[in-house]
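Chemist: Quick one: sequence and predicted model below, then my questions.
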Amino acid sequence: MAEPLLEIRNLNTGFVTENGIVKALDGVSIRIDKGQVVCLVGESGSGKSVTSMNVMRLSDYDGGIVLEGEILFDGRDLLKLSQEEMRKIRGNRIAMIFQEPMNALNPVFTVGDQIAEALYLHKGISKEEAGKEAVKMLRMVGIPEPEIRAKQFPHELSGGMCQRVVIAMALICRPELVIADEPTTALDVTVQAQILDLLRNLKEEFNTSILLITHDMGVAAEMADRIAVMYAGTIVEEGTVEQMFTQPLHPYTVGLLNSIPGLEGARGTELYTIKGSIPSLANLPKGCRFHPRCPFATDRCRSEEPPLRDVGDGRRSACWYAEEVAEKAKTVMTTAGEGE
Amino acid sequence: MTEYLIRRILQSVLVLFLVSVISFALMHAAPGGPLMVLLPKSGTQAAILQQEKNMGLLDPLPIQYLHWLGQLLHGNLGYTYKNHVPVGQILWPTVGNSLILMGVSWILSLLIAIPWGIYNSTRAYGLSDNISAAIGYLGFAMPAFWFGILLQEMFSLNLNWFPLSDMHSMNKQGDIGDLIWHLVLPVTVLVLGFLASYLKYSRASMLEVLHMDFVRTARAKGASEKRVIYRHALRNALIPIITVLGLDLPILVSGAVITENVFNWPGMGRLFVEMAFAREYAVLMAISLVSTVFVVIGNLVADILYAVVDPRVQLGKKGGAAA
């Protein structure tokens, strides 16, 4: 169990723009063990997708640069590989599932061809054979009449179907790691649940590790073994699902949990929001990067930046008052519920 | 598909009819007439009138039009006023000549512009991209007649490398080498004009496609950069380029009026100018018809190519290319 498959260590990355380098990640460390599902949670702009693009080394194509850190995959540092070497890993040992399935598929090729391509590229088998495997894979991801569907184009399929196709494409080479970047965000709710079920079943079947990126704590609760919460380009808290949901140790996690709309509360009460917005890395506040939005911020938070530290039980939190957060949160949650 | 083609052809007939009516009306609305050119200046008013009457030029316009249309439906394009030559005999050779000049220029431009535009899209704002942008500005900004005259002065009068004008040297009709030698300068002028837009289109279209999600998917799959560009992106990038090419197809025959005149190329563009001055109505009508036919064919070819390249387009269905 405790055998690491992917280990991101102190990753600092950015993008080259006309106005110099814009930082995107600021010391991200994540570990994914074999067969584990790790969820990367955070609001838009926190750097979740950039992390996945860095692991895939796809950010190289968008002007991305790595300033510091390493990404160990099965013991090898991906950042030291050439694109040529990366190509043998991409789609083969690490595959990706994208957010907008309709746009992620090429409109001018049949879905069967697009699924088969990965197999054909990596396993050196004939196109015909790859095509047959693609049909099998389509059946596996729950697409009825896969022989017919394989010959269709993306525009002839629904959004949910397209996402199944994208999943089939990602899994056809039996990768050890699948990075799923908001795989259900563009789909409607009933389809979301089906896709999550599918991912979970396929994960069991192939013993794949998954790095699931989502802004939805509900999805994380459903899927994850561990959760890493990202804020403004760095990890602010990390722990198991149970730990996070029963006793969050960072005020940002508290805020995220409170932002899940419940069915219990009276209708008409205002939904909980974390006030303010996420800062850009070019413009980070002094001290803790979350302090302007934190209800418990003290002078120490305003001046000193808290490191991501071990807080026991294999958990990490980047808050000076991690041990007291749970206690404080109770009061805030009740007042927030009443006052606003 | 067949049904679609039949419908398009019927639509085309209507377009042709309307174009012919409008051309006919416009032509006759222009002042002067064929006799002012044909008859000696000393001709008396009475003589002119008599002649016009004999030629049917005094009939009401609709009657003249119907007469022309009737002849056309019998496959007869009419005769010139001067010397009474069949129009086809003058027209068809010039269509061929224009096709040679424009076809060579067009194909050459495409062979240069599409690969170069793709290359530039992958290295936007690099040296090659900037050079092509400069060519673009030059091509858009410099009038064809001016560039043509510059080339003539430089490469023909001063250096004497290429002929000043015409399509053949004396007594060298049918000599391919001689034809190519004559083609160089006018083709250069035309290629610059085409390149200006085609380079921009192919670069922009490719650049747009390269930022689409499915390109990222292809990379994530482990496809090589070559495969990403030439297999995944190119076919998508061709879709808008085809539109432009389809729209440009008609000028292959209607000819580059200006370039043909500067280089005295015996094509349809030059013929049109000559015949317009001579008020040779029958020839002008024939030219406008031939041009219209090519416009229609160009659009049809573009639509069919759409369906070939883009599976989302289904000809003859609602929301398809015809819309």
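Modeler: Received, thanks.
Chemist: quick one: A:L40 is in a strand?
Modeler: Yes. Under DSSP: H, G, I helix; E, B strand; the rest coil, A:L40 sits within a strand.
Chemist: and it, what pLDDT?
Modeler: Note on A:L40: pLDDT of 94.
Chemist: How about B:G316?
Modeler: 66.
Chemist: B:L38 now?
Modeler: 69.
Chemist: Alongside chain A, which residues does the stretch 151-300 of chain B contribute?
Modeler: B:212-214, B:216-225, B:227, B:232, B:235-236 (CB under 8 Å from any CB of the partner chain). (Glycine included, C-beta is placed from N, CA and C.)
Chemist: Narrow those residues to those in helices?
Modeler: Filtering those for membership in helices, criterion DSSP state H, returns B:D213, B:F214, B:R216, B:T217, B:A218, B:R219, B:A220, B:E225, B:R227, B:R235, B:N236.
Chemist: What residues does the third one make contact with?
Modeler: To tie it back to what came earlier, the one meant is B:R216. A:L58, A:Y61, A:F98, A:A104 (CB atoms under 8 Å, 6 or more residues apart in numbering or on different chains).
Chemist: Tell me the most packed of those residues, by neighbour count.
Modeler: Compared across those, A:A104 has the highest neighbour count, 27 neighbours, by other CB atoms under 10 Å in any protein chain shown.
Chemist: what kind of secondary structure is B:L77 in?
Modeler: coil.
Chemist: Just the buried residues of the residues of the stretch 151-300 of chain B next to chain A.
Modeler: B:212-214, B:216-223, B:227, B:232, B:235-236 (16 or more other CB atoms under 10 Å in any protein chain shown).
Chemist: Which of those residues sits closest to A:K88?
Modeler: Relative to A:K88, the closest of these is B:G222; by CB to CB it sits at 6.8 Å.
Chemist: Now do the same for residue 299: its pLDDT.
Modeler: Just going to use chain A. Looking at A:D299, its pLDDT is 91.
Chemist: Switch to chain B, please.
Modeler: Confidence at B:N299, expressed as pLDDT, is 83.
Chemist: Check B:K221 too.
Modeler: On the pLDDT scale, B:K221 gets 93.
Chemist: what sits against the closest residue to chain B within the stretch 201-340 of chain A?
Modeler: Residue nearest to chain B within the stretch 201-340 of chain A: A:L211 (13.4 Å; CB to the nearest CB). Residues near A:L211 by CB under 8 Å, 6+ apart: A:L6, A:I30, A:I32, A:V38, A:L40, A:S52, A:V55, A:L177, A:V178, A:I179, A:A180.
Chemist: And for the third one, the neighbour number?
Modeler: If I follow you right, that is A:I32. 24.
Chemist: Now do the SS call for it.
Modeler: From three-state DSSP, the assignment for A:I32 is strand.
Chemist: That one contacts A:L177, doesn't it?
Modeler: Yes. Counting by CB atoms under 8 Å, A:L177 is a contact partner of A:I32 at 7.0 Å.
Chemist: Need the overlap of contacts for the two.
Modeler: A:L5, A:L6, A:S209, A:L211.
Chemist: so when I look at the first one, I'm seeing a strand, right?
Modeler: Yes. The secondary structure assignment for A:L5 places it in a strand, going by three-state DSSP.
Chemist: how near is it to chain B?
Modeler: 18 Å (CB to the nearest CB, to the nearest Å).
Chemist: Tell me how far that residue lies from A:M96.
Modeler: 15 Å (CB to CB, to the nearest Å).
Chemist: A:G268 too?
Modeler: From A:G268 to A:M96 the distance is 42 Å (CB to CB).
Chemist: Tell me which of those two has more neighbours.
Modeler: The residue with more neighbours, out of A:G268 and A:M96, is A:M96; 28 against 5, by other CB under 10 Å.
Chemist: so what's that one up against?
Modeler: Counting by CB under 8 Å, 6+ apart, A:M96 has contacts A:S52, A:M56, A:R90, A:A170, A:V178, A:I179, A:A180, A:D181, B:T217, B:A220.
Chemist: The first one: neighbour count?
Modeler: Read that as A:S52. Neighbours of A:S52 using other CB under 10 Å come to 23.
Chemist: list the contacts for it?
Modeler: With CB under 8 Å, 6+ apart, A:S52 has these contacts: A:L40, A:M96, A:I179, A:D181, A:L211, A:I213.
Chemist: got TSV for those, with secondary structure and distance to A:T273 too?
Modeler: Listed next are the contacts of A:S52 as TSV, based on DSSP: H, G, I helix; E, B strand; the rest coil; distance: CB to CB, whole Å:
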residue	secondary structure	distance to A:T273
A:L40	strand	21
A:M96	strand	31
A:I179	strand	29
A:D181	strand	24
A:L211	strand	27
A:I213	strand	22
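Chemist: and the gap between B:V295 and A:E205?
Modeler: B:V295 is 59 Å from A:E205, by CB to CB.
Chemist: Which one's more surrounded, those two?
Modeler: B:V295 (20 against 11).
Chemist: surely the more buried one meets B:D248?
Modeler: No. Using CB under 8 Å, B:V295 is not in contact with B:D248, being 10.4 Å away.
Chemist: what about stretch A:102-110, how long is it end to end?
Modeler: Stretch A:102-110 has its terminal residues 13 Å apart, counting by CA to CA, to the nearest Å.
Chemist: anything in it near chain B?
Modeler: Yes. Stretch A:102-110 is in contact with chain B by CB under 8 Å from any CB, via A:N103, A:A104, A:L105, A:N106, A:P107, A:V108, A:F109.
Chemist: Give me the mean pLDDT for whatever helix or strand B:L179 lives in.
Modeler: Per DSSP states H and E: B:L179 is located in helix B:176-210. Average pLDDT, helix B:176-210: 90.
Chemist: Check the offset of it from the chain's centre.
Modeler: Distance of helix B:176-210 from its chain centroid, counting by CA atoms, centre = their mean, to the nearest Å, is 14 Å.
Chemist: And for stretch A:128-144?
Modeler: That offset, for stretch A:128-144, works out to 26 Å (CA atoms, centre = their mean).
Chemist: is it anywhere near chain B?
Modeler: No. For stretch A:128-144, no contact with chain B is found by CB under 8 Å from any CB; the gap never falls below 12.2 Å.
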